[in-house]
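Student: the following block contains a protein sequence and its predicted model.
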Amino acid sequence: DAGVIQSPRHEVTEMGQEVTLRCKPISGHNSLFWYRQTMMRGLELLIYFNNNVPIDDSGMPEDRFSAKMPNASFSTLKIQPSEPRDSAVYFCASSLLQGARTEAFFGQGTRLTVV
Amino acid sequence: GESVGLHLPTLSVQEGDNSIINCAYSNSASDYFIWYKQESGKGPQFIIDIRSNMDKRQGQRVTVLLNKTVKHLSLQIAATQPGDSAVYFCAENPPGYQLIWGAGTKLIIKP
């Protein structure tokens, strides 16, 4: 398996533009996590899906952020409109069992820069 | 204005020596703990986990120790190699909640 695949690897966009980050989890995994990592705040969980259903989105910073998982092999994280403070590395991770009580496999991340 | 980032604790270790990375966790109800390694430009990678019914767990060149009395977790790396250079995160999991991640410790290997 190629692991968790995220695209794009790097994204530079202007403030106010819509940004869509994509993730393909490991085949057979039933949990998917979106994380954001910054120097200021470290690694933050944004949202967590189990069997394609959002379970916990309490980490989503505000209404500008939305995430979907239309099927077991694809998820998106959208920011609309984007702001410079959204600049960060966004990671997607997947795991086989429900919740966090098992090994999660992370993608390479998307480095987002909003100018 | 100038932004202030997290000041990551840094541990410098001579190549070949053993490394011990410490972590204090916050929730006494946490019963599952994980160590992750993050190399520059990559996502975190699982190293080893331990459940609260154990005090020690060993993997390949790594050992995790859990002291529930003082809410302390440590990761020991034997015979540290240049490839061990990374930021190491501990994470705790209280039942019913998602992982709580530590700030990370940067491990530097001196030749």
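Tutor: Good, I have the coordinates.

Student: so where is chain B shaky, pLDDT-wise?
Tutor: For chain B, the stretches with pLDDT under 70 are B:1-7.

Student: number of residues surrounding residue 15?
Tutor: Picked chain A for this. 12 (other CB atoms under 10 Å in any protein chain shown). (Each C-beta comes from the backbone N, C-alpha and C, glycine too.)

Student: my question was about chain B
Tutor: Residues lying near B:Glu15 (other CB under 10 Å) number 13.

Student: B:Thr80 is in contact with that one, correct?
Tutor: Yes - judged on CB atoms under 8 Å, B:Glu15 makes contact with B:Thr80 at a distance of 6.2 Å.

Student: shared neighbours of the two, which are they?
Tutor: With contacts taken as CB atoms under 8 Å, 6 or more residues apart in numbering or on different chains, B:Glu15 and B:Thr80 have B:Ile109 as neighbours in common.

Student: now the strands for the chain?
Tutor: Assuming you mean chain A. A:5-7, A:10-13, A:19-24, A:31-38, A:42-50, A:53-56, A:65-71, A:74-79, A:88-95, A:105-106, A:110-114 (DSSP state E).

Student: you answered for a different chain; I wanted chain B.
Tutor: Taking DSSP E as the test, the strands found in chain B are B:10-14, B:19-24, B:32-38, B:45-51, B:56-58, B:62-67, B:72-77, B:86-93, B:100-101, B:105-110.

Student: save those strands as a markdown table, and put in distance to chain A too.
Tutor: Below are the strands of chain B laid out as a markdown table (distance: least, CB to the nearest CB, whole Å):
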| stretch | distance to chain A |
| --- | --- |
| strand B:10-14 | 14 |
| strand B:19-24 | 13 |
| strand B:32-38 | 5 |
| strand B:45-51 | 4 |
| strand B:56-58 | 13 |
| strand B:62-67 | 14 |
| strand B:72-77 | 15 |
| strand B:86-93 | 5 |
| strand B:100-101 | 5 |
| strand B:105-110 | 12 |
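
Student: now tabulate these in TSV and tack on distance to A:Glu83 and mean neighbour count.
Tutor: Formatted as TSV, those follow (distance: least, CB to CB, whole Å; neighbours: other CB atoms under 10 Å in any protein chain shown):
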stretch	distance to A:Glu83	mean neighbour count
strand B:10-14	31	13
strand B:19-24	33	18
strand B:32-38	26	23
strand B:45-51	30	17
strand B:56-58	43	13
strand B:62-67	39	18
strand B:72-77	36	19
strand B:86-93	27	23
strand B:100-101	24	18
strand B:105-110	29	16
